[in-house]
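1. Give me coordinates for this.
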Amino acid sequence: MFTLGRLSPPIATVSRGIEPLLNAKSVTYVPEGATGIQLAKVMEQLGITEQMKAKTKPQTVPVNIAKAVAAGEAELGFALRSILLSVPGVSLQACSRPSCRIGS
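-> Numbering: from 1, shown residues only. Alright, predicted model coming up:
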């Protein structure tokens, strides 16, 4: 998810998905939620956990993720699609190809 008006980051493969994470000034998600737990696993598998710590803005409830991105408080947000699309001012970017999947 990213703010409308920004270029959509290309994420056709896992390696292309790392670039937007590393280039983002800030990312937001609920660390204790299902998405946050999976995202932590992905970052660990990609070897970028330490790089992401300083730019992570944790949220306590999922709807605040989309609000933070829409308000410009975070560049990228991670949550369930239904939550992200419920807030005006954000756009969804996702890759469902097998090449984008990392563990479970």
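2. Can you tell me the SS state at residue 57?
-> strand (DSSP: H, G, I helix; E, B strand; the rest coil).
3. pLDDT at it, what is it?
-> Note on residue 57: pLDDT of 95.
4. right, and residue 66 touches residue 84 too?
-> Yes: if you go by Cβ atoms under 8 Å, residue 66 and residue 84 touch, sitting 5.1 Å apart. C-beta: built from backbone N, CA, C; applies to glycine.
5. Any regions of this protein where pLDDT drops low?
-> Applying pLDDT under 70 to the chain flags the ranges 1-17, 91-104.
6. Mind doing that once more with 50?
-> 1-12, 99-104 (pLDDT under 50).
7. which residues in it form helices?
-> Using DSSP state H, the helices of the chain run over 14-23, 34-46, 49-53, 63-70, 81-84.
8. list the helices and strands the second one packs on?
-> So the one you mean is helix 34-46. Where contact means 3 or more Cβ pairs under 8 Å, 6 or more residues apart in numbering; DSSP states H and E, helix 34-46 is packed against helix 14-23, strand 27-29, helix 49-53.
9. List the buried residues of the last one.
-> Spelled out, it's helix 49-53. residue 52 (16 or more other Cβ atoms under 10 Å).
10. CA atoms only for it - export them in CSV, please.
-> Backbone C-alpha positions of helix 49-53 (Å, rounded to 0.1, in the frame of the first residue of the first chain) are rendered in CSV as follows:
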residue,chain,number,x,y,z
THR,A,49,15.4,-7.0,9.7
GLU,A,50,18.0,-4.7,11.2
GLN,A,51,17.7,-2.2,8.2
MET,A,52,14.0,-2.0,8.7
LYS,A,53,13.9,-1.4,12.5
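11. Perfect, that will be all.
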